[in-house]
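Undergrad: Could you look at this predicted model? Sequence included:
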Amino acid sequence: RAHSGPEALSISSSANSWAVGGIKPRSTMSSRAERHSSAMEKFSRRETTAMLGSCGSSLLFGLSYMFSKRVLGTVSVFSLLSWRFLFGAAGMSLCVAFGLIKVNFRAKPLKPLLRMVFFMPGLYFIFEALGVRLTTASESGTIIACIPIFTLVASALLLREPPTRLQVGGILLSTAGILTIVLLKGTSASFSLPGYLFLLGAVCSSTLFYVESRRASGYTVFEKTYAMCLTGALVFTIGALAEHGLKGDVGTFLALPFTNHGFLASAAYLGLGCTTLAFLLSNRSIAILGTTRASAFSGLSTVISVISGVMILGDPFSWLQGAGTFLVLCGIYIVNIFSPLYDKKLARRSPDAGDESLVSTKE
């Protein structure tokens with residue numbers, strides 16, 4: 001449209017000032033800031049807090065290796081798991097009793113919840129403990145690192161939530177980073193078929209936990225986490241009592257937190273930090289982000305465990321571990337930030353498929 005009068009004079013004046021004085025128009029100067037602001041606004045507040053929650057749960061789980069390492073040389077796995085979940089169940093029960101959180105399991109289908117707690121913590125921790133005991137550190141770390149890949153496939157087959165190509169690439173990149181970090185610790189082999197099968201069972205259990213947590217949408221994150229704490233406390237306490245009953249030292253197991261202050265600190269952190277808070281954040285992230293995006297953060301736990309070992313325990317750190325860390329972080333970024341933004345950008349450019357794309361990227 002042709003402009004005339006004051007409007008044309010204004011446009012001409014703006015153009016002249018840019019050409020003569022080298023001053024860019026306001027829209028040009030702020031375009032970069034606007035693009036950055038627009039990119040951030042593409043994530044809802046729930047999505048942003050869920051991603052931050054996944055980082056928080058990864059931090060808590062990553063530090064758990066250090067606390068577990070300090071006490072597993074003196075107590076059995078079942079003893080530690082029992083007291084860990086007892087602390088978690090006690091903490092959640094106190095919160096329920098004082099009205100800090102609300103749980104209501106009535107008039108809700110129990111099957112999805114029972115399946116979820118059956119896989120995690122029920123089967124996963126048992127399979128992991130037995131698998132780690134029968135295999136080397138490099139073997140167990142390598143197999144456990146495959147959890148995001150299994151979850152990606154399960155998400156497509158069982159939940160009908162197919163990942164995008166970018167998300168597949170990001171998961172593979174992150175997995176490659178984890179393998180780089182793990183294999184630097186050594187590549188010895190145990191050739192233990194039972195150990196491999198137990199670790200594979202742990203991977204499948206963790207994968208199905210993501211799926212069932214997603215399916216149990218009728219329950220709040222507090223109800224899911226409370227059920228996990230109660231299940232773990234029941235299962236692993238029975239296991240610990242049976243183990244110590246055969247040895248004839250049940251009293252030693254019952255007195256552990258009161259006679260060993262180091263064990264008390266570790267069990268309290270693992271119970272209240274990992275079992276309660278970390279699982280709360282993890283269950284919320286699965287509900288909001290979906291299984292593929294939430295599982296991508298699992299690699300961050302490996303990175304944090306390495307960093308905490310270097311900074312606190314004095315473990316060595318090489319540039320190859322730094323490269324593996326970089327790959328993990330790049331993979332998480334691609335799966336959770338770059339891929340959703342790219343998909344939403346394509347959805348805006350394609351009006352015909354806009355609604356379907358937005359629905360798929362919302363997960």
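TA: Everything's here; your move. Numbers count the residues shown, from 1 in each chain.
Undergrad: For the stretch 101-250 of the chain, just list every one of the helices.
TA: Here the stretch 101-250 of the chain has its helices, by DSSP state H, counting those that start in this stretch, at 110-117, 124-134, 137-144, 147-158, 165-183, 193-215, 221-247, 250-254.
Undergrad: among the ones you listed, which gets the worst mean confidence?
TA: Comparing mean pLDDT across those, the weakest is helix 137-144, with a mean of 79.
Undergrad: for that one, packing partners?
TA: In terms of contact count using 3 or more Cβ pairs under 8 Å, 6 or more residues apart in numbering; DSSP states H and E, helix 137-144 is assigned the packing partners helix 124-134, helix 165-183, helix 193-215. No exception for glycine: its C-beta is placed from N, CA and C like everyone else's.
Undergrad: Okay, angle between the second one and helix 137-144 too, please.
TA: What separates the directions of helix 165-183 and helix 137-144 is an angle of 170 degrees, with axes from the mean of the first three to the mean of the last three Cα atoms, to 10 degrees.
Undergrad: neighbouring contacts of helix 165-183?
TA: Contact with helix 165-183 is made by 137-138, 141-142, 145-146, 148-149, 152, 163, 292-293, 295-296, 299, 302-303, 306, 320-321, 323-335, 338-339, 342, as judged by Cβ atoms under 8 Å, 6 or more residues apart in numbering.
Undergrad: In helices, which of the residues you listed fall?
TA: 137-138, 141-142, 148-149, 152, 292-293, 295-296, 299, 302-303, 306, 320-321, 323-333, 339, 342 (DSSP state H).
Undergrad: Quick check: Cys204 vs Val182, distance?
TA: Distance from Cys204 to Val182, counting by Cβ to Cβ, to the nearest Å: 19 Å.
Undergrad: repeat for Pro112
TA: 33 Å.
Undergrad: Check Thr292 too.
TA: From Thr292 to Val182 the distance is 22 Å (Cβ to Cβ).
Undergrad: quick one: which of these two has more around it?
TA: Comparing Thr292 with Val182 by other Cβ atoms under 10 Å, the one with more neighbours is Thr292, at 28 against 23.
Undergrad: Surely that one and Glu161 touch.
TA: Yes. At 6.9 Å, Thr292 counts as touching Glu161 under the criterion of Cβ atoms under 8 Å.
Undergrad: Report how many residues lie close to Ser266.
TA: 24.
Undergrad: I meant to write Val250 there.
TA: Val250, neighbours per other Cβ under 10 Å, totals 15.
Undergrad: Next, the contact list for it, please.
TA: Val250 touches 241, 244, counting by Cβ under 8 Å, 6+ apart.
Undergrad: go again using 10 Å as the cut-off
TA: 240-244 (Cβ atoms under 10 Å, 6 or more residues apart in numbering).
Undergrad: Show the end-to-end separation of stretch 239-257, please.
TA: 18 Å (Cα to Cα, to the nearest Å).
Undergrad: For that stretch, list every residue counted as buried.
TA: 239-241, 243-244, 253, 256-257 (16 or more other Cβ atoms under 10 Å).
Undergrad: Quick one: those as a markdown table, columns for distance to Gly314 too.
TA: What follows is the buried residues of stretch 239-257, written out as a markdown table (distance: Cβ to Cβ, whole Å):
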| residue | distance to Gly314 |
| --- | --- |
| Gly239 | 34 |
| Ala240 | 32 |
| Leu241 | 37 |
| Glu243 | 33 |
| His244 | 34 |
| Phe253 | 32 |
| Leu256 | 27 |
| Pro257 | 27 |
